[in-house]
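J.: the following block contains a protein sequence and its predicted model.
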Amino acid sequence: MKFQDNEKIASIFETIADALEFLNENAFKIRAYRNAAESIRNLNESITEIYSKPNPKKIEGVGKDLEQKIKEYIQTQKVAYLDELLEKVPYTLFRLKDIRGLGPRTLYKMFEKYRVRTLEDIKKLVFENDELKDISLLEKSIKKIREGIQLYEEGQSRFPLGVAYPIAKDLVDRVYKIDNVKKVEIAGSVRRGKETVGDLDILICTKDFNSVSKALANLEHKQIIAMGDTKVSLLLSNNMQVDFRLVNEDSFASALQYFSGSKEHNVRLRDIAIKKGFKLNEYGLFEKDKKIETKTEEDIYNALGLCYIKPTLRENKGEIEACLANKLPNVVELGDIKGDLHVHTNYSDGLMSLEEVIQEAIKRNYDYIAITDHSVSSYVANGLSVERLYDQLNEIDKLKDKYKGKIHILAGSEVDIKQNGELDFNDNVLKDLDIVIASIHQGFANSKEINTKRIISAIENPYVNIIAHPTGRLIGQRAPYEIDIQKIAEYAAKHKTALEINSFYLRLDLNDEHARLAKNAGAKICINTDTHTKENLDYMIYGVLTAQRGWIEKSDCLNTLNYSQLKQFLKKH
DNA sequence: GCCGTTTTCGGCCCGACTGTTTTCAGTCG
Ligand SMILES: Nc1nc2c(ncn2[C@H]2C[C@H](O)[C@@H](COP(=O)(O)OP(=O)(O)OP(=O)(O)O)O2)c(=O)[nH]1
Ligand SMILES: [Mg+2]
Ligand SMILES: [Mg+2]
Ligand SMILES: [Zn+2]
């Protein structure tokens, strides 16, 4: 969350939209509230600050009316219109549209006829009745709602990218084995490299929709959610939903564009198409009823007067405007990565030996690799004492000789930032290392000010080169500790200390948004794996995707530099 | 409720699947 006040106002507008939807208000009015909310979320400035200026800048999607409501919130910390709405409709009720198959209309009918207000009320209603004729819910509808409630109560939630991606790949392999399948592509949020995904979206190119969809329904599943002529949705045993979409070859490019999203990006593109006198859908780009030939996604973007936009950028977060202004970033690629600068061995809590790590790095064609085991106070992670650190340095010295000409090895450490902001090793030790990472592993509960200060003092240390996993979050497990990321990025830029994008899929820390902010503040970004096991080394791709989503270019990164450029940066002056 | 500028009114992305519908509303992608 970048700005607390922006987030608050955005969520107020979203709640208003939900309430209006429940009350069956005009769909475009509802969308206006949702658009404004999204637009406020994407601002790079605190909205309170924007409106404290004499001539506040225009915010996209905010007109007279919503501007008034924003000002009201800034002055009174509330919006009367929302309070009025919440008197009419219970907030807990329209939130239940998160239950698959239960939408605003059904909820409203239940509310109107049966006065339901809570999930318990709804459960009672649908589990004690096999049909509710007066609100046109017969046996099948009731059954669907029951299934939706069950899934909801089992805790339907998003999946980390690193969990979803291997499952998606495996499904792609299985689908390729089906007869008459020509091409299969992962689409949706997985293709966009989003840190968590709601489901898997898989596009299939075929001529024989009938036989392929039958075969899809034979894939392992616990429920068929929907099955029609062009799409099949399955629920897997782990409660992950998979949406398969079938298209013929002619539509493949436009279908891939459609199915990759994001929704908001698609809406923008289709709007541009309209304004150019075209129509864009998953079947193609049309002028009147004539189809314009588009063989690739790039053809579609070009026909709309845009350049190709990579999937990781398709979020309607400025990529279309950037494209039109010829300012689209040329984002970093996996192939640009020249080495991994955050790796653990069995000296601390890693599983590989020093030499194994080096050999694996060579296999991956890296120019350099840093060994950065934990420092002494990380005792749960078997952190190295000063003595063991020097033992390791000796061993690394020998390996540097042994692997000369094959790879550059950097001897380093991941040094804990202690409660008081001091580092775990003193400067006399740090000066003997080729590279120093500093990170927080304790004292998460400190105030924002204290944690920010701790990190800044590490940034200012003449030997610290990288701040690892700067916010400490673990997706689905631990919230980030509070820090002032803007301020940290400014100091990092000034002191030539890089900020890490930690590629481990539960971290992805910095996240996409923070990375973009850090780049704009001039900070260098380093994409590391924080490897503890051999397979961790291959998680680099998740960090790269996150970097792309943060608009990070090759030139913004530390570990895209060649070895001599890297050594120069590590000197910090 | 917002937006544009051959528009200050009339658009606002577009389509698939399901159930209960006898022609479409609701939900979802
Ligand atoms: N044009 C258009 N496309 C949509 C709409 N909803 C979804 N799509 C497209 C873009 C999405 O990326 C794609 C898959 O839909 P999903 O609901 O699975 O969304 P997505 O994968 O982006 O996010 P997720 O992580 O699954 O929540 O379908 C829509 O309302 N209009
Ligand atoms: Mg999806
Ligand atoms: Mg989907
Ligand atoms: Zn580490």
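T.: The structure has been received and is ready for your questions. Numbering: from 1, shown residues only, chains lettered A, B, ... in the order given. Ligands and ions are numbered 1, 2, ... in the order given.
J.: C-alpha only now, for contacts and for neighbours.
T.: Will do.
J.: any idea how far A:Val116 is from DNA strand B?
T.: As for A:Val116, its distance to DNA strand B is 14 Å (criterion: C-alpha to the nearest atom of the strand, to the nearest Å).
J.: got it, and A:Ser211?
T.: With the distance defined as C-alpha to the nearest atom of the strand, A:Ser211 ends up 13 Å from DNA strand B.
J.: compute the number of surrounding residues for that residue.
T.: Counted with other C-alpha atoms under 10 Å, residues neighbouring A:Ser211 total 14.
J.: okay, it: pLDDT?
T.: A:Ser211 carries a pLDDT value of 96.
J.: that one belongs to a helix?
T.: Yes - read with DSSP: H, G, I helix; E, B strand; the rest coil, A:Ser211 is one of the residues of a helix.
J.: which element, helix or strand, includes the residue nearest to A:Ile135 when sequence neighbours are not counted?
T.: Leaving aside its chain neighbours, A:Ile135 sits nearest to A:Lys109 (6.4 Å; criterion: C-alpha to C-alpha, 6 or more residues apart in numbering). Element membership of A:Lys109, judged by DSSP states H and E, is helix A:104-114.
J.: relative to ligand 2, how far out is A:Thr546?
T.: According to C-alpha to the ion, to the nearest Å, A:Thr546 stands 17 Å off from ligand 2.
J.: what's the burial count for that residue?
T.: Should you count by other C-alpha under 10 Å, A:Thr546 turns out to have 30 residues around it.
J.: next, it: secondary structure please.
T.: For A:Thr546, the secondary structure call by three-state DSSP comes out as helix.
J.: quick check: it touching A:Arg191?
T.: No - taking C-alpha atoms under 8 Å as the contact criterion, A:Thr546 and A:Arg191 are not neighbours in contact, 11.7 Å apart.
J.: follow-up on the earlier one: can you give me the separation between the residue nearest to A:Ile135 and A:Asn129?
T.: Going from A:Lys109 to A:Asn129 by C-alpha to C-alpha, to the nearest Å gives 15 Å.
J.: more neighbours: which of these two?
T.: Per other C-alpha under 10 Å, whichever of A:Lys109 and A:Asn129 has more neighbours is A:Lys109, with 16 against 12.
J.: per-residue pLDDT, the more buried one?
T.: 96.
J.: what does the stretch 251-400 of chain A have sitting close to ligand 1?
T.: In this structure, the stretch 251-400 of chain A approaches ligand 1 at residues A:258-263, A:266-267, judged by C-alpha under 6 Å from any ligand atom.
J.: let's see it at 8 Å
T.: Within reach of ligand 1 by C-alpha under 8 Å from any ligand atom, the stretch 251-400 of chain A has these residues: A:258-264, A:266-267, A:270, A:281.
J.: buried subset of those residues?
T.: For these, a burial check counting by 16 or more other C-alpha atoms under 10 Å picks out A:258-262, A:266, A:270, A:281.
J.: which residues touch the residue of the stretch 251-400 of chain A found nearest ligand 1?
T.: Closest approach between the stretch 251-400 of chain A and ligand 1, counting by C-alpha to the nearest ligand atom: A:Gly261, at 3.3 Å. Residues near A:Gly261 by C-alpha atoms under 8 Å, 6 or more residues apart in numbering: A:187-189, A:311, A:314-315.
J.: how far away is the closest residue to A:Ile552 other than its chain neighbours from A:Leu508?
T.: Taking C-alpha to C-alpha, 6+ apart, and ignoring the residues beside it in sequence, A:Ile552 has A:Val331 as its nearest neighbour in space, at 5.4 Å. In this structure, A:Val331 and A:Leu508 are separated by 17 Å, where distance is defined by C-alpha to C-alpha.
J.: so for those two, which residue has more residues nearby?
T.: A:Leu508 (29 against 21).
J.: quick one, phi psi at that one?
T.: Backbone dihedrals for A:Leu508, given as degrees, to the nearest 10, come out at phi 40, psi 70.
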